[in-house]
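[1] What shape does this take:
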Amino acid sequence: MFKRLSILEKRPGDDQAFFSRYWQERHGPLVARLPLIRTYVQNHVEEQYEPTSFRVGGIVELQFDDAAAMDEAFTADASQAVIADEANFLGDAAGYVIGDSPVRMAGELGKLVVLLAHGGDQTGVKHFEAALRRLPGFIQLIRDDVVSTITRRGSARPGQRVDNFFHLYFSDVAYARRAGPQVAELAWGSFKLGVFQMRTVRIV
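    Residues are numbered from 1 along each chain as shown. Reported below is the predicted structural model:
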């Protein structure tokens with residue numbers, strides 16, 4: 001299915017608990033009313049591993065039948081309520097068009113989402129991915145390569161530059177938490193990394 005990701009940022013002064021609660025309980029149901037959404041999963045940040053080059057309060061995973069369905073969803077009448085509600089919890093955001101890609105819930109598994117801006121070092125990306133697959137407790141990796149970035153309407157700055165999203169699944173949360181600091185240390189050369197341990201919530 002056609003996949004779009006979004007990085008959501010907290011408002012200055014808001015803590016993660018408020019952001020996650022409002023996003024799941026209030027904003028999520030509004031997004032769920034958009035037409036033609038096949039899958040809507042929220043990735044809530046449980047832990048962020050330093051150093052990080054990215055501002056992340058949460059990551060959205062959306063699936064549609066195709067790009068036309070995505071465009072129709074975000075221009076439908078129901079999108080006005082979504083936009084109006086953003087000021088209640090959202091600092092900034094950007095969308096990332098991926099294309100055909102799966103979505104997996106974490107469930108009882110541990111999950112890390114790794115954001116990478118590689119600066120054109122494709123060989124380094126291959127070595128980086130191989131290192132991820134060798135982590136203790138590793139089960140699965142879903143790699144989402146960014147096709148294009150969608151800057152939020154009215155934003156004063158462009159969306160954060162991301163080339164790849166790596167969704168890493170581990171046999172349990174403890175393995176994911178131990179892996180987080182190890183992954184954060186893998187930045188080299190022109191790499192910019194963000195590593196986050198996530199809790200997934202399926203809305204649609």
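[2] ok, so what distance separates Asp15 from Arg21?
    10 Å (Cβ to Cβ, to the nearest Å). The way it works is simple: take the backbone N, C-alpha and C, and place the C-beta from them, glycine included.
[3] Count the residues that sit near Asp77.
    Asp77 has 9 neighbours, counted by other Cβ atoms under 10 Å.
[4] Three-state assignment for it, please.
    coil (DSSP: H, G, I helix; E, B strand; the rest coil).
[5] how near is it to Ile83?
    11 Å.
[6] what's the pLDDT at the residue nearest to Pro51 when sequence neighbours are not counted?
    Spatially, and ignoring its direct neighbours in sequence, Pro51 is nearest to Ala184 (6.6 Å; Cβ to Cβ, 6 or more residues apart in numbering). As predicted, Ala184 sits at a pLDDT of 94.
[7] dump the residue contacts of Ala184.
    Contact partners of Ala184, counting by Cβ atoms under 8 Å, 6 or more residues apart in numbering, are Tyr49, Glu50, Pro51, Thr52, Leu193, Val195.
[8] likewise Leu116?
    By Cβ under 8 Å, 6+ apart, the neighbours of Leu116 are Val125, Phe128, Val162, Asp163, Asn164, Phe165, Phe166, Phe191, Lys192, Leu193.
[9] Mind listing the residues bridging to it?
    Asn164, Leu193 (DSSP bridges).
[10] Now for the residue nearest to the spatial centre of the chain: which residues touch it?
    The structure's the chain has its C-alpha centroid closest to Ile59; by Cα atoms, centre = their mean the separation is 3.0 Å. Ile59 is in contact with Leu5, Ser6, Ile7, Leu8, Gln42, Asn43, Val113, Phe165, Phe196, Met198, counting by Cβ under 8 Å, 6+ apart.
[11] ranges for the helices of this protein?
    16-22, 28-32, 67-75, 79-85, 122-133, 173-184 (DSSP state H).
[12] Same list (the ones you listed) but as JSON lines, adding distance to Gly95.
    As requested, these are exported to JSON lines (distance: least, Cβ to Cβ, whole Å):
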{"stretch": "helix 16-22", "distance to Gly95": "18"}
{"stretch": "helix 28-32", "distance to Gly95": "12"}
{"stretch": "helix 67-75", "distance to Gly95": "9"}
{"stretch": "helix 79-85", "distance to Gly95": "13"}
{"stretch": "helix 122-133", "distance to Gly95": "22"}
{"stretch": "helix 173-184", "distance to Gly95": "24"}
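[13] Tell me which of those is the most buried.
    Sort the helices of the chain by mean neighbour count, taking mean count of other Cβ atoms under 10 Å, and helix 173-184 sits at the top with a mean of 18.
[14] tell me the angle of that one relative to helix 122-133?
    Between helix 173-184 and helix 122-133, the angle comes out at 150 degrees (axes from the mean of the first three to the mean of the last three Cα atoms, to 10 degrees).
[15] before we move on, the earlier item: just the contacts of Ile59 now: which is nearest Val204?
    Of all the contacts of Ile59, the one sitting nearest Val204 is Gln42; the distance, using Cβ to Cβ, is 10.3 Å.
[16] Report the contact partners of the closest one.
    By Cβ under 8 Å, 6+ apart, the neighbours of Gln42 are Trp23, Gln24, Gly28, Gly58, Ile59, Val60, Glu61, Thr200, Val201, Arg202, Ile203.
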